[in-house]
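Colleague: Provided below for reference: sequence and predicted model.
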Amino acid sequence: QVQLVESGGGLVQAGGSLRLSCAASGRAFSVYSMGWFRQAPGKQRELVAVISSGGSTNYVDSVKGRFTISRDNAKNTVYLQMNSLKPEDTAVYYCAAGIQLLARQRGDYWGQGTQVTVSS
């Protein structure tokens, strides 16, 4: 069992930056792929970024070059650095942990979500 708690969301102007953090408790954090999903009102949940247990990363095209996912296994924490934010990045962002998260496009464990709002 893994518990995930996100932090770092908020309100920012377009062009600004935020860093999301996701702290994990429980066993074997390092074996899981970790991902950040987001869901905007009226839209489907979207996988934004994934980092594998080995450190490989993948991003949805809309955030490539602007977002960076990283993990610190010693701290059981995954991060999402978001730069050059756009109003269309506004959503609730969820942290997830799972096996084969990228292939399955879903996690086995989820955080409660953190709101990111980008004003124009």
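Modeller: Received, thanks.

Colleague: Where does the residue most central in space within the chain sit: helix, strand or coil?
Modeller: Nearest to the mean C-alpha position of the chain, counting by Cα atoms, centre = their mean, stands residue 36 at 2.3 Å. State at residue 36, reduced to three classes by DSSP: H, G, I helix; E, B strand; the rest coil: strand.

Colleague: from what I can see it touches residue 92, true?
Modeller: No: counting by Cβ atoms under 8 Å, residue 36 stays clear of residue 92, with 11.0 Å between them. Just so you know, the C-beta spots here come from the backbone N, C-alpha and C atoms, and that holds for glycine as well.

Colleague: re earlier: tell me what the residue nearest to the centre of the chain is bridged to.
Modeller: Beta bridges link residue 36 to residue 49, residue 95, judged by DSSP bridges.

Colleague: Begin at 54 from now on, thanks
Modeller: Sure thing, new numbering starts at 54, so read that last one as residue 89.

Colleague: which residues touch it?
Modeller: Residues near residue 89 by Cβ atoms under 8 Å, 6 or more residues apart in numbering: 73, 75, 100-103, 122, 131, 133, 146-149.

Colleague: All good on my end, thank you.
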